[in-house]
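A.B. asks: what follows is a predicted protein model with its sequence.
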Amino acid sequence: MPVMHAFEPPERFVVGTVGEPGARTFFLQAREGTRVVSVALEKQQVTVLAERLDELLDEVMKSAPAVVPAVAPFELDDNGPLEQPIEEEFRAGTMTLAWDPDDDMVVLEVFPINETEIIAEVDESGQLVDEDAVAAIELEEAEPEEVLLVRIAPRNARAFVKRAEAVLGAGRPNCPFCGNPIDPEGHLCVRANGFKRRDPV
């Protein structure tokens, strides 16, 4: 049985970062009373989660406009820092989103990154038969050791998306020419023939 970190619902559920732009670590964090669970994830995962959550809410709103707000309620704005100390439970791999129509709640499950196993064909003496036969295979059938389960109301889900978008936007600005992030000391722009561009003031 996996360890279930269940928050149904949490008092607080946010995404936040630790570190400077360009070297930030992203965390999902859920809190209920003194119990806090922090899960590390990639910036791209935050982007996809926010987009999919917004799409899910928009879809539900079509059939239940009284249940799902069009925008995040102002009173739910949360710009505070992550809860301290931040102790990473695991690094996020697969995430699933669902709508529970019985309770009008969004259900999010976060699973750790799957481990991999190296498979190779060897002869009787233990020598590799064919080095090209070595393959990394995901252990999809293995039960995860931990799961983060969060159930939140639609209004809180909209607030989560709003904060996630703000956190994503607080990183390094993108170069208007090549689209790559600009470090504080500038970057070599491939669209400008290698000239070093700086963050516009």
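C.D. replies: Happy to help now that I have it.
A.B. asks: not counting its neighbours along the chain, what's nearest Pro112?
C.D. replies: In space, and not counting its chain neighbours, Pro112 is closest to Phe90: 4.2 Å by CB to CB, 6 or more residues apart in numbering. (Each C-beta comes from the backbone N, C-alpha and C, glycine too.)
A.B. asks: residues contacting that neighbour?
C.D. replies: Residues in contact with Phe90, defined by CB atoms under 8 Å, 6 or more residues apart in numbering, are Val39, Ala40, Pro112, Ile113, Glu145, Glu146.
A.B. asks: okay, it and Glu55: tell me how far apart.
C.D. replies: Per CB to CB, to the nearest Å, Phe90 is found 26 Å from Glu55.
A.B. asks: which strands and helices sit next to the lengthiest helix in the chain?
C.D. replies: Counting residues, the longest helix found in the chain (DSSP state H) is helix 43-63. Helix 43-63 sits against strand 12-18, strand 25-32, strand 88-100, strand 105-112, helix 154-169, with contacts defined as 3 or more CB pairs under 8 Å, 6 or more residues apart in numbering; DSSP states H and E.
A.B. asks: tell me which residues touch the residue nearest to Val15 when sequence neighbours are not counted, please.
C.D. replies: Leaving aside its chain neighbours, Val15 sits nearest to Ala164 (4.7 Å; criterion: CB to CB, 6+ apart). Applying CB under 8 Å, 6+ apart to Ala164 gives the contacts Val15, Val46, Leu49, Ala50.
A.B. asks: go ahead and build a PyMOL selection from the buried members of those.
C.D. replies: Command for PyMOL that selects the buried part of the contacts of Ala164, burial taken from 16 or more other CB atoms under 10 Å:
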select buried, resi 15+46+49+50
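A.B. asks: what's the closest of the contacts of Ala164 to Asp103?
C.D. replies: Leu49 (20.8 Å; CB to CB).
A.B. asks: quick one, what contacts that closest one?
C.D. replies: So Leu49 contacts Val15, Met95, Leu97, Leu108, Ala164 (CB under 8 Å, 6+ apart).
A.B. asks: okay, now the third one: neighbour count?
C.D. replies: Right, Leu97. Other residues near Leu97 number 14, with proximity taken as other CB atoms under 10 Å.
A.B. asks: pretty sure it is touching Asp54, no?
C.D. replies: No - counting by CB atoms under 8 Å, Leu97 sits too far from Asp54 to count as a contact (10.6 Å).
A.B. asks: which neighbours do those two have in common?
C.D. replies: Contacts common to Leu97 and Asp54, judged by CB under 8 Å, 6+ apart, are absent.
A.B. asks: any idea how far Asp100 is from the residue nearest to Val15?
C.D. replies: Applying CB to CB to Ala164 and Asp100 gives a distance of 21 Å.
A.B. asks: likewise for Ala153?
C.D. replies: 11 Å.
A.B. asks: comparing the two, which residue is more hemmed in?
C.D. replies: Ala153 (17 against 10).
A.B. asks: now do the same contact list for that one.
C.D. replies: Pro9, Asp104, Met105, Val106.
A.B. asks: correct me if wrong: the first one contacts Val106.
C.D. replies: No - applying CB under 8 Å as the test, Pro9 and Val106 come out as separate, 9.4 Å apart.
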